[in-house]
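Peer 1: got a sequence here, can you build the structure:
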Amino acid sequence: MPVKDTSKICEQELLLCSAAASFDEAACAQFRRLAQRDLDWKYVLETAELHGLLPLFRSRIEQFFPGALPTEISGQLNRACLANAARNLALTGELLRILALLEAEEIEAVPFKGPALAEQVFGSVAMRQFCDLDILVKPESVVRARDLLASRGYVPEFTLSPAREAAYLRSEHAFQLRKPDGHVVVELHWAFGSKDQAFPLRAADVWRRLRRGKLQGASVGVFAPEDLVFYLCMHGAKHRWERLEWVCSLAEFIRRTPDLDWHALLEMASDAGALRGVYVALLLANDVCALPLPASLAKLAVADSTARELAAKVRTCLFEPEPVHRTREFQRHTFYLRTRERLLDRARIVWFSCARIPHPLAQDWELFRVPPRMMFLYYVLRPLRIFRDYGRRILQG
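Peer 2: Have a look, this model is predicted:
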């Protein structure tokens, strides 16, 4: 297990302080005290970038302690944030062009994450770090949307035969396409998670409750506030809350939405068997970002001992070195399982993780060449591939 770097406590506390959803006088004083210390500013900037916090950190410095940074570090931070803003504006322009293209072909589409979330949460597309464009389309339109983007120069991640495409559509949740220069990546979603994730928010429900909002002055579809909070809670759970910015975005959106219908949100999460995932997220928002929670809601979250344990684990591991890829994926998967309170949901997630028909990214179709009419054999062959990848390590203990 990675060893936590205890030599950077002040640097980490400064980043946590900059992540607060609201600043009172005591928080401002604490931020200034930390910023005046003899800090490893290179570590601060590198860690802020890793956690998607550079724009927010710069905003806090300018707001509460201008001139605190050494000249060289200030220059690096300014250049990084200006480059991020320019990239985000270019990506937002491309997103709006894609949405107009889809609308012209009568394909309903909703942007989420990326620039859409930046504007909803912070009021500016420059205030988040993102690298791709996520668009939700209806299942019956996703192939047509993909082909339309391909006709405009976007390159699909892979080419599928009709049989494999049908299997992919049943088990997966998005097509990825990119511009030939690699500068723009688009993910066309028809769901929020693959079949093995059993993501608790259904796209059909989001479509039913859709609102209208603004993105750089253009009218676009936006999630209902309760749907967005639920999505952010479970997206963070799916990735074990590895980026501090995910907690910040959740906390800031809740702070900006005083009329959030908590009863509807909790009922939605309970019906989906993911109430614990919401509790974990709210405990993190309260602990990490000092987000005040309604007393009754805080009491419910604290009463869930597993939610408390998971939130504490995230808080402890925020600044630990990143594990190797396979260990990281296992940790993510285990964490996500524990945020689901129904045994049947957990069993379903495990079953489809081990036995579902895989797609090309999972290596199986490349390793085993099976005729389309015999694709059922992947249910047997997939465990062989998994044993090839993990068996030696398991046997060696």
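Peer 1: for Gln120, see how far away Leu91 is.
Peer 2: 16 Å (CB to CB, to the nearest Å). In this view, the C-beta of every residue, glycine as well, is placed from N, C-alpha and C.
Peer 1: next: Leu284.
Peer 2: According to CB to CB, Leu284 and Gln120 sit 19 Å apart.
Peer 1: who has more neighbours, the two?
Peer 2: Leu284 (26 against 21; other CB atoms under 10 Å).
Peer 1: quickly list what Glu187 is bridged to.
Peer 2: Glu187 has these beta-bridge partners by DSSP bridges: Asp134, Gln176.
Peer 1: which residues does it contact?
Peer 2: 132-135, 174-177 (CB atoms under 8 Å, 6 or more residues apart in numbering).
Peer 1: also Val278?
Peer 2: Val278 neighbours (CB under 8 Å, 6+ apart): 229-230, 233-234, 265-266, 269.
Peer 1: and Arg240, by the same measure?
Peer 2: 314, 331-332, 335-336.
Peer 1: Leu15 reaches Ala48, doesn't it?
Peer 2: Yes. In this structure, Leu15 is within contact of Ala48 by CB atoms under 8 Å, at 6.0 Å.
Peer 1: now the buried members of the contacts of Glu187.
Peer 2: When the contacts of Glu187 are checked for burial by 16 or more other CB atoms under 10 Å, the buried set is 133-135, 174-177.
Peer 1: can you lay out the residues you listed as JSON lines showing pLDDT and distance to Gln216?
Peer 2: As requested, those are exported to JSON lines (pLDDT from 0 to 100; distance: CB to CB, whole Å):
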{"residue": "Leu133", "pLDDT": "98", "distance to Gln216": "13"}
{"residue": "Asp134", "pLDDT": "98", "distance to Gln216": "16"}
{"residue": "Ile135", "pLDDT": "98", "distance to Gln216": "16"}
{"residue": "Ala174", "pLDDT": "96", "distance to Gln216": "24"}
{"residue": "Phe175", "pLDDT": "96", "distance to Gln216": "25"}
{"residue": "Gln176", "pLDDT": "96", "distance to Gln216": "24"}
{"residue": "Leu177", "pLDDT": "97", "distance to Gln216": "22"}
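Peer 1: ok, so of the residues you listed, who is nearest Arg79?
Peer 2: Using CB to CB, Leu133 comes nearest to Arg79 of these, at 24.0 Å.
Peer 1: I'd like the distance between the closest one and Val125.
Peer 2: 12 Å.
Peer 1: before we move on, what about Ile349?
Peer 2: Counting by CB to CB, the gap from Ile349 to Val125 is 34 Å.
Peer 1: neighbour-wise, which of these two wins?
Peer 2: More neighbours surround Val125 than the other of Ile349 and Val125, with 23 against 20 (other CB under 10 Å).
Peer 1: report the contact partners of the nearest residue to that one once chain neighbours are set aside.
Peer 2: Counting by CB to CB, 6 or more residues apart in numbering, the nearest residue to Val125 once its immediate chain neighbours are dropped is Pro115, at 4.2 Å. Pro115 is in contact with 88, 91-92, 95, 125, 128, 130, 133, 215-216, counting by CB under 8 Å, 6+ apart.
Peer 1: drop anything exposed from those residues.
Peer 2: Applying 16+ other CB under 10 Å to those, the neighbour count classes 88, 91-92, 95, 125, 128, 130, 133, 215 as buried.
Peer 1: need the pLDDT of the residue nearest the centre of the chain.
Peer 2: Nearest to the mean C-alpha position of the chain, by CA atoms, centre = their mean, lies His235 at 4.9 Å. The predicted structure scores His235 at 97 on the pLDDT scale.
Peer 1: which helices and strands does the host helix or strand of it pack with?
Peer 2: For His235, the element it lies in under DSSP states H and E is helix 225-238. If you count contacts as 3 or more CB pairs under 8 Å, 6 or more residues apart in numbering; DSSP states H and E, helix 225-238 packs onto helix 203-208, helix 244-255, helix 262-271, helix 275-289, helix 325-338.
Peer 1: same list, those, but as a markdown table with mean pLDDT please.
Peer 2: What follows is the helices and strands packed on helix 225-238, written out as a markdown table (pLDDT from 0 to 100):
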| stretch | mean pLDDT |
| --- | --- |
| helix 203-208 | 97 |
| helix 244-255 | 97 |
| helix 262-271 | 97 |
| helix 275-289 | 97 |
| helix 325-338 | 84 |
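Peer 1: right, and those helices - which one's nearest Arg32?
Peer 2: helix 275-289 (18.7 Å).
Peer 1: pretty sure Arg340 sits against Leu275.
Peer 2: No. Using CB under 8 Å as the test, Arg340 is too far from Leu275 to be in contact (9.4 Å).
Peer 1: the two: who's more crowded?
Peer 2: Neighbour tally, Arg340 and Leu275, criterion other CB under 10 Å: the higher count belongs to Leu275, 25 against 22.
Peer 1: leaving aside the residues adjacent along the chain, what's closest to that one?
Peer 2: With CB to CB, 6+ apart, the residue lying closest to Leu275 is Ala269, at 4.5 Å.
Peer 1: ok, how many other residues are close to that neighbour?
Peer 2: 24.
Peer 1: now do Phe230
Peer 2: Residues lying near Phe230 (other CB under 10 Å) number 27.
Peer 1: one more: the one 4 residues further on?
Peer 2: Counted with other CB under 10 Å, residues neighbouring Met234 total 26.
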